[in-house]
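> Sequence and predicted structure below; questions after.
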Amino acid sequence: MRRVNWLRMAVIGVAVALIEALCRGGVIKPFTMTPPSQMLADLLPLLSSAEMLQHVAETLVNVATALLFAIVVGFLAGAVLFVLPRVRRVVDPLLSSYYAIPIFVFYPLFVVLFGLNRTPQIVIGFLLAVVAMIINTLNGFDRVPPVLLKTAKVLRMGRVATTRRVFLPYATLYIFTGLKLAVAYSFIGVIAAEFILSGAGIGYEINFAYNNFDNHVMYPLIVLIILISTFINMSLYAWEKRFLERQTGR
Amino acid sequence: MTQRSLMRQGFDILLLVLALGGIWQLLYAYAGEVALTSPWETAVAASRLIVSPRFWPHIEETGLAFLQGYAIAIAGGLAIGLLLGAHRLSGEVAEPILVALYSIPKITLYPIILLFFGIGMPAKVAFGAIHGIVPIAIFSMNAIRTLKPVYLRAGRSLRLGPWAMARTILLPAAVPEVFTGLRVGLALTLVGTLLGEMFGSQRGLGFLLMVAMGTHDMETIMSVTLILVLFATLVSIVMMGIDQRLHQRA
Amino acid sequence: MAGATAASMATPHAVLEGVTRIYPGTGGRAPLHALGKIDLALARGEFFSVVGPSGCGKSTLLEIVAGLQPLSEGRLVFEDRPVNGQVPDGIGVVFQEDASFPWLSVRDNIAFGLRHNGMDPAEIRRRVEFAIGLMGLREFEGAYPAQLSGGMRQRVCIARTLVLQPRLILLDEPFGALDQQTRLLMGDELLRLWRETGATVLLITHALDEAAMLSDRVGVMSARPGRFLEIVATGWPRERDSRIVEQTGFAEITGRLWARLREESMKAMAADGRRL
């Protein structure tokens, strides 16, 4: 396995080095893109500026809020749908085709409805993440093997005890996939919304820097987003591998 | 499918549409004329919009950009995905990179696209394409990877040459999963194209939405949104139907 | 212990009289007669196996005796108390599918049924230790089921049942997914457990040799709706293991079971074919 990791880093390293060479060599003009080394160099003063840190905080707070709501509402909604199969059947087409609909088209609507504050961003992030959570919650519940519930019956456990000690622990193992998606989607939703129209946040700052031809602010911020996004996803992936692999065998 | 279950499905869909319309109507009653237009008004405005001559250039623009972006996404995604799927080591190295790319908020890459391609159609097409290419690549890669080795053995035992084997066994076996990738890719390419049109464009549905947002033109916002949502849902339902049939056959 | 069988015939551990299971028809379909009529008296401490063609209702029978399913007609009495769709005290079940809890370690799996019942923690520990030793799980007590083989996981399920000290143990094709050698060895272990616990055992299996080797009596079921065509007594001594397959009596018993079963199996296959 370790050889694969080295290869991967090498591939990424070569790609970055290529871009660096093209930038330094003048093939890619500084107006279009600064060299990667320059991006990193520009990132440091940004991160120590109080104003920028405020934007970062704004984004992270928005993402966290959207995520929290998405997880809680998504899980509860999934539970309700599971318990009411007739309702679930009616709602199912909506769930299946949900991610085919460009949710961002609703953003102008939300801006008009809620005003130009952080609410529209949070709502978009929430809407993007919540359905992934619902679908995966339902998936987790569906997958509980009937034999486990029969075992609970043989142990003469009541419904509450069965739900608490057998049903939910099993389902939770598989709902984790929903969590990963919810994190990614709320992040994407919030940042995209900030970019389209807002007054604060990293997405807004990137847009602002672009409009002001300020590559020395824009590119470092883009790198920052890529780093944060990759870090979050890798952490979740590693966590899943460590803790869940021994329980699910995957 | 029995006639009875078809009728039941139709009834369920009707119920869903009515429920959504009802919620909409309630929101309208609550939020008022300033914030929303009622379902009926929106439907009327939308139908008027579709037949109006000033609307057609925008649909054309978006449609063209979308189709081109989707074509590139398919070509690129299939090429990358099939190659990575066939060559084991490359696939292993590349997979986390692809997954990371999938989770990065691609809107942050938009300024880079604009800087490289300039404002206008090429940027929109490129932006749509980068949205769609990643899921198509991921699904195509998986389609090849999860081909059962027994297929290859069966092909060899029938003394098929590599080309015949690819044509008659491997390709049909891979089609269902590849098609799912195409379905997801279509939705994402549409999102990318619309987002791309929200900036640096003087035509297109995304542009219309941004303008309407700026002028607080609720009617336009809601009718365009409605048209887009209906279109996306329709395409999604058709593609899911095909997707299901393909997977059933497999 | 040999005389115990004769004496315990007087007060059977469980009795089924005229038991059937008929699933009501839904959506315009005819009701499904899955099982019946069953008449059976299980002696305390006996090892009874049920064999029959697929689809004859063996598993349904087991679930009815366990109280997991209600009966449609007839009577079921366990330890002098009627049972109908409620799991009585003193019953343990080992299912065909893997029923181990993947989120718990082996040790926690085994202790599961004892917790939350107000049992003294020292007693729980004692019983779990005993079961782990008995089932040969000492090396694996900290592991998780997903890390173990199918056979190991079944042992965990058996251990989990044993700690509850059930008086009637029901097993539904517990070794179905295992290879032949493992099955024979697990059969030996099962016999050992049976002797040590003194429980009554009802085993469902499709393997005739397994039934012939392990049981005091073997019931042969007909094709669906299943009823007992014959109950064959093996006459084996209580102290037995898999080497019994060497004895000539073994071939006779297996032969007799197959003679009864062959026609029923052909009927079941024909029925399956029509359904497909």
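Ah, there it is. Numbers count the residues shown, from 1 in each chain, chains lettered A, B, ... in the order given.

> ok, longest helix in chain C?
Assignment by DSSP state H gives helix C:248-275 as the longest helix of chain C.

> which residues touch residue 46?
No chain in the question, so chain A it is. Contact analysis of A:L46 by C-beta atoms under 8 Å, 6 or more residues apart in numbering or on different chains lists A:52, A:217, A:220-221, A:224. Where you see a C-beta, it was placed from the backbone N, CA and C, and this is true even at glycine.

> hm, I was asking about chain B
Neighbour list for B:A46: B:223-224, B:226-227 [criterion: C-beta under 8 Å, 6+ apart].

> where's the nearest residue to it once chain neighbours are set aside relative to A:A193, distance?
Sequence neighbours aside, B:S223 is the residue nearest to B:A46 in space, at 4.0 Å (criterion: C-beta to C-beta, 6 or more residues apart in numbering or on different chains). Using C-beta to C-beta, to the nearest Å, we find B:S223 at a distance of 22 Å from A:A193.

> ditto for C:S105
For C:S105, the distance to A:A193 - C-beta to C-beta - is 44 Å.

> Tell me which of these two has more neighbours.
Neighbour count, other C-beta atoms under 10 Å in any protein chain shown: between C:S105 and A:A193, A:A193 has more, with 30 against 19.

> got a list of what the closest residue to chain A within the stretch 1-150 of chain C touches?
Closest residue of the stretch 1-150 of chain C to chain A, C-beta to the nearest C-beta: C:A146 (3.3 Å). Contacts for C:A146 (C-beta under 8 Å, 6+ apart) come out as A:245-249, C:102.

> Can you name the residues of the stretch 101-250 of chain C sitting close to chain B?
By C-beta under 8 Å from any C-beta of the partner chain, no part of the stretch 101-250 of chain C sits against chain B.

> B:R203 against B:F55, yeah?
No: contact criterion C-beta atoms under 8 Å: B:R203 and B:F55 do not qualify, at 11.1 Å.

> closest to chain B among the contacts of C:A146?
A:E245 (16.0 Å).

> In which helix or strand does the closest one reside?
helix A:245-248 (DSSP states H and E).

> before we move on, the earlier item: what about burial for the contacts of C:A146, which qualify?
The neighbour-count test (16 or more other C-beta atoms under 10 Å in any protein chain shown) marks A:246-248, C:102 as buried among the contacts of C:A146.

> Could you say which helix or strand holds whatever residue of chain B ends up closest to chain C?
Relative to chain C, the nearest point of chain B is B:R4 (8.3 Å; C-beta to the nearest C-beta). Using DSSP H and E, B:R4 sits in helix B:3-31.

> name the helices or strands packed onto that helix?
helix A:85-97, helix B:39-51 (3 or more C-beta pairs under 8 Å, 6 or more residues apart in numbering or on different chains; DSSP states H and E).

> Pull out the buried residues from the very next helix or strand once past the first one.
Of the helices and strands lying after helix A:85-97 in sequence (DSSP H and E), the nearest is helix A:107-114. Buried residues in helix A:107-114, counted by 16+ other C-beta under 10 Å: A:107-113.

> among the residues you listed, which are within reach of chain C?
Counting by C-beta under 8 Å from any C-beta, no member of these is near chain C.

> Go through the residues you listed and say which is closest to B:H247.
Comparing these against B:H247 with C-beta to C-beta places A:Y107 closest, at 33.7 Å.

> Please give me every residue in contact with the most centrally placed residue in chain B.
What sits nearest the mean C-alpha location of chain B, by C-alpha atoms, centre = their mean, is B:A187, with 1.3 Å. For B:A187, the contact set (C-beta under 8 Å, 6+ apart) comprises A:99-102, B:232, B:236.

> what's the most distant pair in the residues you listed?
Applying C-beta to C-beta across the contacts of B:A187, the maximum distance is between A:P102 and B:S236, 11.2 Å.

> got the contact list for C:L68?
A:150, A:153-154, C:85, C:87, C:93.

> Same check on C:P102?
Contacts of C:P102 (C-beta under 8 Å, 6+ apart): A:170, A:173, A:247-249, C:144-146.

> I'd like those residues written out as a markdown table, with pLDDT added.
Below are these laid out as a markdown table (pLDDT from 0 to 100):
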| residue | pLDDT |
| --- | --- |
| A:Y170 | 92 |
| A:L173 | 84 |
| A:Q247 | 79 |
| A:T248 | 75 |
| A:G249 | 66 |
| C:Y144 | 93 |
| C:P145 | 93 |
| C:A146 | 91 |
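
> elements contacting the helix or strand bottoming out on mean pLDDT in chain B?
Lowest by mean pLDDT, DSSP states H and E among the helices and strands of chain B is helix B:162-165, with a mean of 78. Using 3+ C-beta pairs under 8 Å, 6+ apart, the elements in contact with helix B:162-165 are helix B:149-157.

> Need the contact partners of the helix it packs on.
With C-beta under 8 Å, 6+ apart as the criterion, helix B:149-157 contacts B:165, B:168-170, B:173.
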